[in-house]
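# The following comprises the amino acid sequence and a computationally predicted model.
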Amino acid sequence: MSETPLIRLEGIQKIFFTDEIETWALDEIYLDVKEGEYVSIAGPSGCGKSTLLSVMGLLNSSTEGHYYLAGEDVAVLSSAAQAKVRNRQIGFIFQAFNLIGDMNVFENVELPLTYRKELKRKDRKAKVQEALEKVDMGHRLSHFPSQLSGGQQQRVAIARALTGEPKVLLADEPTGNLDSKNAQIVMDILADLHKQGSTICMVTHDPRSSLQAERQVTLFDGKIVDDQPTSNLRLESEALVS
């Protein structure tokens with residue numbers, strides 16, 4: 001595991017301007033995430049969790065600050081260059097799955113790879129099948145999203161995020177639209193991926209899901225107010241119960 005953080009945020013600010021009103025969604029965020037870490041991002045609704053993840057996923061640009069991904073300051077790149085980094089180095093898992101309804105499972109998972117012109121069809125097929133096997137959905141290649149349960153759709157969405165072999169997986173409330181059984185299946189998949197070496201940053205409002213990570217970063221009003229191993233939090237929770 002490299003000593004240099006895979007992700008380094010330095011002084012990240014995100015300000016939204018509407019009708020001459022400034023809304024500070026993120027305020028002076030400093031955060032390092034090492035390769036292979038599993039980090040949960042917690043905090044009350046509206047504290048900036050999803051905004052932070054969207055900045056890390058290059059889905060939204062910061063107003064100020066530097067974002068280093070694998071040593072490169074990706075915050076200063078052009079939109080086209082950021083899109084290339086996003087496609088090759090970042091896997092995003094959304095609460096709402098974001099699968100394309102008129103594409104089958106195989107086509108949905110293959111989609112990010114179609115932007116990589118150097119990959120031959122047979123190579124794309126092999127990567128798609130491998131990703132789907134990791135989430136136990138290899139038997140659903142020809143099914144469409146409408147034919148799948150919510151839990152199955154999220155597993156396909158995870159496979160789509162995995163297929164490009166990204167450096168980091170970003171999950172925004174990945175269990176938010178699922179019942180408890182399917183939520184646990186998704187959390188178990190993320191835990192297995194972490195054991196296999198994946199770097200994961202996950203936004204969640206569920207304390208149980210948050211504690212499955214190895215580190216919890218807590219936001220409040222756009223600022224990081226706490227950052228500690230979840231082992232400490234588990235001990236605190238057990239002490240309260242006893």
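Good, I have the coordinates.
# Show me the strands in the chain, by range?
All strands of the chain, identified by DSSP state E, fall at 7-18, 21-33, 38-42, 64-69, 72-73, 90-93, 168-172, 200-203, 215-220, 223-229.
# Format those strands as TSV; extra columns: mean pLDDT, mean neighbour count and distance to residue 188.
To be clear about C-beta, it is placed using only N, CA and C from the backbone, and glycine gets the same treatment. As requested, these are exported to TSV (pLDDT from 0 to 100; neighbours: other CB atoms under 10 Å; distance: least, CB to CB, whole Å):
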stretch	mean pLDDT	mean neighbour count	distance to residue 188
strand 7-18	94	16	24
strand 21-33	95	16	22
strand 38-42	96	24	13
strand 64-69	96	18	27
strand 72-73	96	13	33
strand 90-93	96	23	14
strand 168-172	97	24	13
strand 200-203	97	26	13
strand 215-220	96	20	19
strand 223-229	96	14	21
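# Any chance of those strands in TSV with distance to residue 50 as columns?
Below are the strands of the chain laid out as TSV (distance: least, CB to CB, whole Å):
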stretch	distance to residue 50
strand 7-18	11
strand 21-33	9
strand 38-42	9
strand 64-69	16
strand 72-73	23
strand 90-93	11
strand 168-172	6
strand 200-203	6
strand 215-220	10
strand 223-229	15
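# right, and those strands - which one's nearest residue 81?
Proximity to residue 81 (CB to CB) singles out strand 72-73 among those, at 9.8 Å.
# about what we covered before: right, so of the strands of the chain, which gets closest to residue 115?
Nearest to residue 115 among those is strand 90-93; the distance by CB to CB comes to 13.1 Å.
# Sheet-wise, list the partners of that closest one with their directions.
Note on strand 90-93: by DSSP bridges, its sheet partners are strand 168-172 (parallel).
# Tell me how far the strand it pairs with lies from the chain's centre.
Relative to its chain's centre, strand 168-172 lies at 1 Å (CA atoms, centre = their mean, to the nearest Å).
# right, and the strands of the chain - which one's nearest residue 151?
strand 90-93 (13.1 Å).
# is it true that residue 187 touches residue 175?
Yes - contact criterion CB atoms under 8 Å: residue 187 and residue 175 qualify, at 6.5 Å.
# if you count what's nearby, which of those two comes out ahead?
Set residue 187 next to residue 175 and count neighbours by other CB atoms under 10 Å: residue 175 wins out with 25 against 21.
# Hmm, the more buried one is touching residue 209, no?
Yes - the pair residue 175 / residue 209 is scored as a contact, 5.9 Å apart, by CB under 8 Å.
# Tell me where the model's unsure across the chain.
Across the chain, the ranges flagged by pLDDT under 70 are 1-2, 236-242.
# Which residue lies nearest the spatial centre of it?
Centroid-nearest residue in the chain, with CA atoms, centre = their mean: residue 170, separated by 1.1 Å.
# Okay, and the beta partners of that one?
Beta-bridge partners recorded for residue 170 (DSSP bridges): residue 92, residue 201.
# Give the intersection of the neighbour lists for residue 175 and residue 209.
Shared contacts of residue 175 and residue 209 (CB atoms under 8 Å, 6 or more residues apart in numbering): 183, 187.
# OK, contacts around residue 110?
Neighbours of residue 110 in contact, by CB under 8 Å, 6+ apart: 124, 125, 128, 163.
# for the last one, what are its contacts?
This points to residue 163. Going by CB under 8 Å, 6+ apart, residue 163 touches 109, 110, 112, 113, 127, 128, 130, 131.
# can you check residue 38 too?
190, 191, 194, 199, 200, 202, 212, 213, 214, 215.
# hmm, 10 Å instead?
By CB atoms under 10 Å, 6 or more residues apart in numbering, the residues touching residue 38 are 169, 190-191, 193-195, 198-202, 212-215, 230.
# likewise residue 54?
The neighbourhood of residue 54, defined by CB under 10 Å, 6+ apart, consists of 14, 25, 60, 61, 62, 92, 170, 172, 203.
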